[in-house]
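*Asks:* Give the three-dimensional model of this entry:
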Amino acid sequence: MSDDVHSLIGAYVLDALDDIDRAAFDRHLRDCDVCRLEADELFEVTARLADGAWSVPPPRLRDNVLAEITNTRQLPPAIPSRPQPRSSRRGLRLVAAAAAVVAAVGAGAVVYQIQDQRVRDTQSRLEAAQASEARVRSILGASDVQTHSEQLRSGGRVTVSTSRLHNAGVIMLAADSAPAAGRVYQMWTIQSGAPASAGALSEGQSAAVQVVEGLPAMSNVGITIERAPESTTPTAPLDALVDLA
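*Replies:* Below you'll find the predicted structure:
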């Protein structure tokens, strides 16, 4: 099996692995969530590519073709050609085989490029999440960190920690439950009475940890319940208002 087992997913989906490699890759799928997801998506793609590839001919197609024969000029008598040497016939077979191989390799390359891009996208999201987690830890662990907290009217709590050394803060929202369908929690920073959105949660989401750059310069953090996906201005009354002074 290849040293980079992930690169075999294209061949696996195209059923181009031998029995040993396929068994080994089956074992790998049990432990690799990324490859299992990619394999499911690629199987769906290949199934869709096959859709519409063949259809039943129209019922009158045969009759129409036979009718056109009488109106079509026939080819002149064929002139017998010299028998092709065995080497020529073998050459043609090799060309055909080579074309088939090129087509298969091309299809495999396309599948590999698709899954490779998805792996890179997943890796990028993972690295971004790790960087965000490290940023949160650095702010919460700062020597000058200040923490303020308030209850949510809807149930739960919002906690805001700020660090002037990092010129940033962390908003931690932990609601007892998500808002009703079609509504979301939204966070706001407020300075001199002017609110600015600090991000909205997704529908059905009741908890979030959000890093906000420049938060120590703000006077308040507010939480509202808005229509999904988010609002440009906060809807009164606020579900919570945290004083950062």
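
*Asks:* and the host helix or strand of residue 209, what does it pack onto?
*Replies:* Under the criterion of DSSP states H and E, residue 209 resides in strand 207-213. Packing partners of strand 207-213 (3 or more CB pairs under 8 Å, 6 or more residues apart in numbering; DSSP states H and E): helix 86-140, strand 168-175, strand 183-191, strand 194-200. Where you see a C-beta, it was placed from the backbone N, CA and C, and this is true even at glycine.

*Asks:* pull the helix or strand with minimum mean pLDDT from the chain.
*Replies:* The helix or strand of the chain with the poorest confidence is helix 61-69; it has a mean of 56 (mean pLDDT, DSSP states H and E).

*Asks:* If you count neighbours, what's buried in whichever strand or helix holds residue 24?
*Replies:* Using DSSP H and E, residue 24 maps to helix 19-31. Buried residues in helix 19-31, counting neighbours by 16 or more other CB atoms under 10 Å, are found at 21-22, 25, 28-29.

*Asks:* same question, stretch 224-232
*Replies:* By neighbour count on 16+ other CB under 10 Å, the buried set for stretch 224-232 is 224-226, 228, 230-231.

*Asks:* Repeat that for stretch 190-199.
*Replies:* 190, 195, 197-198.

*Asks:* Which one of those is nearest to residue 155?
*Replies:* Of all the buried residues of stretch 190-199, residue 155 sits closest to residue 198, with 20.8 Å by CB to CB.

*Asks:* residues touching that closest one, list them.
*Replies:* Contacts for residue 198 (CB atoms under 8 Å, 6 or more residues apart in numbering) come out as 171, 187-189, 210, 212, 221.

*Asks:* ok, 7 Å please
*Replies:* Residue 198 makes contacts with 171, 187-189, 210, 212, as judged by CB atoms under 7 Å, 6 or more residues apart in numbering.
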